[in-house]
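A.B. asks: Following is a predicted model, sequence given first.
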Protein chains: 2
Amino acid sequence: MAGYQAPSTGQTVRAVLFDTFGTVVDWRTGISSAVRAFASSHSLTLDPEEFADAWRAQYQPSLEPVRSGKRPYVSLDTLNGETLDVVLRSHGIGPDVVPPAALESLARAWHFLPPWPDSVEGIGQIRQRFIVGPLSNGTTALLLDMAKAAGIPWDVILGSDVSQAYKPSPDAYRKPATILGLDPGEVMLAAAHNDDLAGARTAGLATAFIARPAEHGPGQARDLAPADNWDLAAESVTELAGQLQAKTRDL
Amino acid sequence: MAGYQAPSTGQTVRAVLFDTFGTVVDWRTGISSAVRAFASSHSLTLDPEEFADAWRAQYQPSLEPVRSGKRPYVSLDTLNGETLDVVLRSHGIGPDVVPPAALESLARAWHFLPPWPDSVEGIGQIRQRFIVGPLSNGTTALLLDMAKAAGIPWDVILGSDVSQAYKPSPDAYRKPATILGLDPGEVMLAAAHNDDLAGARTAGLATAFIARPAEHGPGQARDLAPADNWDLAAESVTELAGQLQAKTRDL
């Protein structure tokens, strides 16, 4: 039997699970497109990229009360709706200016984000030897909408609603491994964010960094390179597929 | 937007979920092959088909204590191991005759069952317009092993370990719908077993019967035809795909 043995865990990796927002899909392009259409439909003056960045900036703070246990698990859809309201107000747009259905539709843009050019091909390659799936704060339904629209060939989709935990809480990494019948060390997280990989390592997973230097648009300053000795580091999912192939040996 | 509106629910079906053992895969051929190899390896005299039938006959009784709440949820893997022990003893084979690893390996044959000839093609066709997935008493890991080995192109896999319920308990049908963000009436169960479809209908799902007259081998007496006015009835998954296509209309 052939396999890739991760240096950090000493175990053979059976599943490669991917962070999605930023790693597999380009949320900034997708959200700014949706904002552009929304602004045009409702005759609002908004800078679509600036608005997308401002909305995304609310993301981690919105998760924090759930992570810390101050708030019971609520879905990312709920949080994206709440943070949209915050960001609209910060742009001087009150909640009554736009019909609720239009706001709901804009929040659902997070379900339909475009993949980076290498994502679908690379995941398909990795799928030939490993279980592939997302490991995301999105819900199962969100990740399924995304996969069907973008043609992402996941083997299995287990969203944060199944684990009832948000990264980097250890449960968010360990519960999917348990459901797959695997030890944490048999699962690798592939992500473009060093803090996500640090959370995965703490939870016992193997780790792969994928550089996404345009995730935050021009002038991105964070996550340009691996910040720790992750098991693997690549410039794309297809490069990661090649590394996994090259480092797979008969066991 | 196009869709199939189920007469029984009046709702548009978004997801077609399939019973697996007997409906998508041919457990009798798979299990009897595994039993034949097992008997040969350990110099045991067993009739493989008879043994497979006897093992399967333990299936529903083994689920009953979990369904009724007398026993907390345990996985089908655990139950298949327990019932294998029972069936071996009933064939005069004590548990010490065979190494534990060989028993575990035989019980894992339920993870790697061959699909019926029309399953992969039909599910692929239905996938073009609907969410497709299993709705099975198997675990997520079992269903994933099965899908990867057989090439079944599921969009999403949510096993009984996620719902923590066995069919025909209503939760077994409703929890997957909830996770998919759908009403029960937006989900159709496709199954070869009338009692499973009755459970699905009670839980509010749409229903499709798929005839599998060879599931139990020659002389099968049960489930040869639909026993109620299920929304659809077909002789194969490809025929079901054709019916869904023909009855899909612009909404």
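C.D. replies: Yes, it's here.
A.B. asks: Tell me the pLDDT of residue A:144.
C.D. replies: In this model, residue A:144 is scored at 98, pLDDT.
A.B. asks: So the residue nearest to residue A:160 when sequence neighbours are not counted, which state does it fall into?
C.D. replies: Using C-beta to C-beta, 6 or more residues apart in numbering or on different chains and skipping the chain neighbours, the partner closest in space to residue A:160 is residue A:137 (5.0 Å). Placement of C-beta: from N, CA and C, glycine included. Classification of residue A:137 by DSSP: H, G, I helix; E, B strand; the rest coil places it in coil.
A.B. asks: Can you give me the distance of residue A:137 to chain B?
C.D. replies: Distance, residue A:137 to chain B, by C-beta to the nearest C-beta, to the nearest Å: 15 Å.
A.B. asks: any chance you could read off phi and psi for the nearest residue to residue A:63 once chain neighbours are set aside?
C.D. replies: With sequence-adjacent residues excluded and distances taken as C-beta to C-beta, 6+ apart, residue A:63 is closest to residue A:166, at 4.8 Å. Main-chain dihedrals, residue A:166, degrees, to the nearest 10: phi -110, psi 140.
A.B. asks: sorry, back to before: ok, the residue nearest to residue A:160 - contacts?
C.D. replies: By C-beta atoms under 8 Å, 6 or more residues apart in numbering or on different chains, the contact set of residue A:137 is A:21, A:63, A:76, A:160, A:166-167, A:172.
A.B. asks: any chance of those residues in TSV, plus neighbour count?
C.D. replies: Output for these, formatted as TSV (neighbours: other C-beta atoms under 10 Å in any protein chain shown):
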residue	neighbour count
A:21	25
A:63	20
A:76	26
A:160	28
A:166	20
A:167	24
A:172	22
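A.B. asks: Can you get me a residue count around the residue in the stretch 151-251 of chain A positioned nearest to chain B?
C.D. replies: Nearest residue of the stretch 151-251 of chain A to chain B, counting by C-beta to the nearest C-beta: residue A:181, 3.5 Å away. Other residues near residue A:181 come to 19 when the count uses other C-beta atoms under 10 Å in any protein chain shown.
A.B. asks: how much space is there between it and residue A:55?
C.D. replies: According to C-beta to C-beta, to the nearest Å, residue A:181 stands 37 Å off from residue A:55.
A.B. asks: circling back to that earlier point, report the secondary structure state of the residue of the stretch 151-251 of chain A closest to chain B.
C.D. replies: Assigned with three-state DSSP, residue A:181 falls in the coil class.
A.B. asks: List the contacts of the closest residue in space to it that isn't next to it in sequence.
C.D. replies: Residue nearest to residue A:181 in three dimensions, not counting chain neighbours: residue B:141, with 3.5 Å by C-beta to C-beta, 6+ apart. Under the criterion of C-beta under 8 Å, 6+ apart, the neighbours of residue B:141 are A:179-182, B:111, B:159, B:161.
A.B. asks: Please parse chain A into its domains.
C.D. replies: Taking automatic domain parsing as the criterion, chain A consists of the domains A:2-26+A:113-250, A:27-111.
A.B. asks: Identify whichever of those domains lies nearest to residue B:227.
C.D. replies: Evaluated over those, closeness to residue B:227 peaks at domain A:2-26+A:113-250, with 32.3 Å, by C-beta to C-beta.
A.B. asks: Identify each buried residue in the strand or helix carrying residue A:240, please.
C.D. replies: Element membership of residue A:240 [criterion: DSSP states H and E] is helix A:237-247. Across helix A:237-247, burial judged by 16 or more other C-beta atoms under 10 Å in any protein chain shown covers A:237-241, A:243-244.
A.B. asks: And stretch A:95-114, by the same measure?
C.D. replies: A:98, A:103, A:106-107, A:109-113.
A.B. asks: Which of those residues sits closest to chain B?
C.D. replies: Proximity of these to chain B (C-beta to the nearest C-beta) peaks at residue A:111, which lies at 9.6 Å.
A.B. asks: Tell me which residues touch the closest one, please.
C.D. replies: Residue A:111 makes contact with A:141-142, A:145-146, A:149, according to C-beta under 8 Å, 6+ apart.
A.B. asks: cool, and residue A:212?
C.D. replies: Counted by C-beta under 8 Å, 6+ apart, residue A:212 has contacts A:22-23, A:116, A:192, A:223.
A.B. asks: most neighbours, which of the residues you listed?
C.D. replies: residue A:23 leads these on contacts (other C-beta under 10 Å) with 27 neighbours.
A.B. asks: Return the list of helices and strands in contact with the helix holding residue A:240.
C.D. replies: Here helix A:237-247 touches strand A:15-18, helix A:119-127, strand A:206-210, strand A:232-234, going by 3 or more C-beta pairs under 8 Å, 6 or more residues apart in numbering or on different chains; DSSP states H and E.
A.B. asks: Mean neighbour count, distance to residue A:71 and mean pLDDT added to the ones you listed, as a markdown table?
C.D. replies: Shown next, in a markdown table, are the helices and strands packed on helix A:237-247 (neighbours: other C-beta atoms under 10 Å in any protein chain shown; distance: least, C-beta to C-beta, whole Å; pLDDT from 0 to 100):
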| stretch | mean neighbour count | distance to residue A:71 | mean pLDDT |
| --- | --- | --- | --- |
| strand A:15-18 | 26 | 25 | 98 |
| helix A:119-127 | 21 | 32 | 98 |
| strand A:206-210 | 27 | 28 | 98 |
| strand A:232-234 | 20 | 35 | 98 |
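A.B. asks: Okay, and the residue nearest to residue A:181 sits in which element?
C.D. replies: Using DSSP H and E, the element containing residue B:141 is helix B:140-150.
A.B. asks: Which positions within that helix qualify as buried?
C.D. replies: Within helix B:140-150, the residues that qualify as buried are B:140-148, B:150, counting by 16+ other C-beta under 10 Å.
A.B. asks: Just give me the closest of these to chain A.
C.D. replies: residue B:141 (3.5 Å).
A.B. asks: Got phi/psi on residue A:14?
C.D. replies: Per degrees, to the nearest 10, the backbone of residue A:14 is at phi -110, psi -30.
A.B. asks: What confidence value was assigned to it?
C.D. replies: What the model reports for residue A:14 is a pLDDT of 97.
A.B. asks: wait, what's in contact with it?
C.D. replies: A:3, A:130-131, A:180, A:182, A:186-187.
A.B. asks: what do you get for residue A:211?
C.D. replies: When contacts are taken as C-beta under 8 Å, 6+ apart, residue A:211 is in contact with A:192, A:223-225, A:233-236.
A.B. asks: ditto for residue A:34
C.D. replies: Counting by C-beta under 8 Å, 6+ apart, residue A:34 makes contact with A:106, A:109.
A.B. asks: for it, helix, strand, or coil?
C.D. replies: Three-state call for residue A:34 (three-state DSSP): helix.
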